[in-house]
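[1] Provided below are the primary sequence and the corresponding predicted coordinates.
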There are 2 protein chains.
Amino acid sequence: MTTRWLTPEEQRAWRAYIAASRLLEDAIDRQLQQDGGMPHLFYSVLANLSEAPDRQLRMTDLAETLKITRSRLTYVVSRLERDGLVRRETCSWDKRSSLAALTDEGMALLERTAPGHVETVRSTLFDRITPEQVGQLEEICTGIARGLQGEDDGTRAGAEEVPWRRRSSPCSGSPSD
Amino acid sequence: MTTRWLTPEEQRAWRAYIAASRLLEDAIDRQLQQDGGMPHLFYSVLANLSEAPDRQLRMTDLAETLKITRSRLTYVVSRLERDGLVRRETCSWDKRSSLAALTDEGMALLERTAPGHVETVRSTLFDRITPEQVGQLEEICTGIARGLQGEDDGTRAGAEEVPWRRRSSPCSGSPSD
DNA sequence: TAAGTTTGTTTCAAACTTGAACCAAGCGGT
DNA sequence: ACCGCTTGGTTCAAGTTTGAAACAAACTTA
């Protein structure tokens, strides 16, 4: 088939998206690196752990929700562990798995860092778009994500998982990745 | 001020955005790496050069439009140069600058790679959203980008630049970053 | 015109990411 | 129990990114 090139509108949207995502990640990373001494992804790991039951998650599950490779997560967790923010624990019911658990120190850093991070997300993103656009953004993104995740397996079995009871976020206003 | 945490809607939008952008970049990168042997950013450099007057641009200008650091661009261009896809040229009217110029080989690779890339952008993004959402996405992203670029200087002088005449894209249906 | 400053780019080391290869523990037959 | 397959994680080397420092060519101004 003769390539269906992007229309001018699509082209503009695509380029605007690339630019925005690059600038946004840079801004978030810069702030987090400055005030928390860590890149965005590291913060996300802490944030996700803080909301998990017992503040711990299996490596694979964490990688899955963060949309990153297990290999990448291994690195990040090792790094966080080295700094005492996370602890690895063995999984009792599946000897293959290992759990990443948020330490008190990690939780403390997260709580100390969250306000500045959220403020940045606000000033760079939400202050710039209307409430209506917030909804549009969510719809667009969930649509894209739905189409992309697990496209390798097709049988999207719908998260069944372990029936863990969800706790309320320990960070009154959750740290938001 | 007591942190204004994200509302549930904002939270959902933010997380959906993070997920989507991560998945999208991964998909794009994977395809480009497979079929073109290079990551997305490298492709973008070639694409941008292909549309520039004489298929060449100053490093700084290129970095600016790509929203990346000069240092990062230096690396990318060195890499592309090593593979004969780009050539560095000295700038006649400003001895400090150096120009990155697309070689014929680079242009050929771009033309060979563009269809697959565009197809991927289409199937991962545009096939998943409505025409209306394309417009919404563009508006949202340009808004974010506008707020973010050059926030360091405040005096956004509005691109004055050299009055170069723009050529029409050499790739009939442009390669779209 | 000689400082002193700004602008354009590169360099370098440290940090991060990728993907393929590897190991170990579960699982499903036989 | 044994074999082969899948799943959960890590390792390792090669590739990429970051940020600070170094240079060099303009520009400014006394």
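    Alright, I've got the coordinates. What you see is a predicted model; the values in this text were computed from it and never measured.

[2] in three-state terms, label the residue of chain A found nearest DNA strand C for me.
    As assessed by C-beta to the nearest atom of the strand, DNA strand C sits closest to A:Lys95 within chain A, at 3.0 Å. The C-beta positions use only the backbone N, C-alpha and C, and glycine is treated the same way. Secondary structure for A:Lys95, judged by DSSP: H, G, I helix; E, B strand; the rest coil, is coil.

[3] report the separation between the residue lying closest to A:Arg112 once chain neighbours are set aside and chain B.
    Spatially, and ignoring its direct neighbours in sequence, A:Arg112 is nearest to A:Gly36 (7.6 Å; C-beta to C-beta, 6 or more residues apart in numbering or on different chains). Distance of A:Gly36 to chain B, given as C-beta to the nearest C-beta, to the nearest Å: 15 Å.

[4] if we can go back for a sec, next, count neighbours for the residue of chain A closest to DNA strand C.
    Close neighbours of A:Lys95, defined as other C-beta atoms under 10 Å in any protein chain shown, add up to 8.

[5] now do the phi/psi pair for it.
    Dihedral pair for A:Lys95: phi -60, psi -10, per degrees, to the nearest 10.

[6] same question for the one 3 residues further on.
    When quoted as degrees, to the nearest 10, the phi and psi of A:Ser98 stand at phi -130, psi 150.

[7] any idea how far it is from A:Arg58?
    A:Ser98 sits 7 Å away from A:Arg58, going by C-beta to C-beta, to the nearest Å.

[8] and the residue of chain A closest to DNA strand C, how far is that from B:Gly147?
    50 Å.

[9] equivalent analysis for A:Cys91, please.
    Counting by C-beta to C-beta, the gap from A:Cys91 to B:Gly147 is 44 Å.

[10] what about these two, which has more around it?
    Between A:Cys91 and B:Gly147, B:Gly147 has the larger neighbour count (other C-beta under 10 Å), namely 18 against 13.

[11] you'd agree the more buried one is up against A:Arg128?
    Yes - counting by C-beta atoms under 8 Å, B:Gly147 does reach A:Arg128; the two are 4.7 Å apart.

[12] what does chain A put close to DNA strand C?
    When proximity is defined by C-beta under 7 Å from any atom of the strand, chain A lies next to DNA strand C at A:38-39, A:41-42, A:68-69, A:71-72, A:75-76, A:79, A:94-96.

[13] about what we covered before: pretty sure the residue nearest to A:Arg112 sits against A:His117.
    Yes - the pair formed by A:Gly36 and A:His117 meets the contact definition of C-beta under 8 Å, at 7.5 Å.

[14] more crowded one of the two?
    Neighbours were counted for A:Gly36 and for A:His117 using other C-beta under 10 Å; A:His117 has more, 22 against 19.

[15] contacts only, for the more buried one.
    Counting by C-beta atoms under 8 Å, 6 or more residues apart in numbering or on different chains, A:His117 makes contact with A:Ile28, A:Gln31, A:Leu32, A:Asp35, A:Gly36, A:Tyr43, A:Pro175, A:Ser176.

[16] redo these as TSV? Include pLDDT and secondary structure.
    Rendered in TSV, the data for the contacts of A:His117 read as follows (pLDDT from 0 to 100; DSSP: H, G, I helix; E, B strand; the rest coil):
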residue	pLDDT	secondary structure
A:Ile28	98	helix
A:Gln31	97	helix
A:Leu32	97	helix
A:Asp35	95	helix
A:Gly36	96	helix
A:Tyr43	98	helix
A:Pro175	78	coil
A:Ser176	75	coil
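
[17] spatially, which two of the residues you listed are the most separated?
    Across those, the longest distance by C-beta to C-beta is 15.1 Å; it joins A:Asp35 and A:Ser176.
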